[in-house]
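*Asks:* Have a look; sequence and predicted model below, questions after that.
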Amino acid sequence: MEEKVFNLLEKMYVEMQEMNVEMQEMKANMATKQDLSKVEQRVGRLEQNLIVLENKVDTNHKALFDGYKQTYEKLNILEEKIDRIDQKVEKHDVEIRVMKGAQ
């Protein structure tokens, strides 16, 4: 009878040790949950930073496009001026030839 009690106690001890190991694993998982909470906070901050960055990029993109547009418009104006100057130079060349031919 004592042996049966001893075996029962031994079995209970082994089961309690297993439960202890399981509880330790659960504690380790709880720490992981805390880590996940920290990660979620970091992700939240990253999302906010991403939004700020997207707004800056959008603003810079608009500024660059406006600069490109102004440069293109100015280039067209300069091309028109050069064309007019070129026409005047050709006209003056013709007038000079006519004047030289009249002499």
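*Replies:* Great, that's in hand.
*Asks:* all helices for the chain, in order.
*Replies:* Taking DSSP state H as the criterion, the chain carries its helices at 2-102.
*Asks:* which regions of it lie under the pLDDT threshold?
*Replies:* Across the chain, the ranges flagged by pLDDT under 70 are 31.
*Asks:* 80 instead, please
*Replies:* Filtered on pLDDT under 80, the chain yields the residue ranges 28-33, 103.
*Asks:* How many residues are close by residue 61?
*Replies:* As a burial measure, residue 61 scores 10 neighbours (other CB atoms under 10 Å). Backbone N, C-alpha and C define where each C-beta goes, glycine included.
*Asks:* mind listing what it touches?
*Replies:* By CB atoms under 8 Å, 6 or more residues apart in numbering, the contact set of residue 61 is empty.
*Asks:* if I look at it, how far off is residue 55?
*Replies:* Using CB to CB, to the nearest Å, one gets 11 Å for the distance from residue 61 to residue 55.
*Asks:* Over to residue 39?
*Replies:* For residue 39, the distance to residue 55 equals 25 Å [CB to CB].
*Asks:* same thing with residue 66?
*Replies:* In this structure, residue 66 and residue 55 are separated by 17 Å, where distance is defined by CB to CB.
*Asks:* Ok, residue 82 next?
*Replies:* From residue 82 to residue 55 the distance is 41 Å (CB to CB).
*Asks:* cool, residue 67 as well?
*Replies:* Distance from residue 67 to residue 55, counting by CB to CB: 19 Å.
*Asks:* before we move on, what about residue 88?
*Replies:* With CB to CB as the criterion, residue 88 and residue 55 are 50 Å apart.
*Asks:* just residue 48 next, same as before
*Replies:* Residue 48 sits at a distance of 11 Å from residue 55 (criterion: CB to CB).
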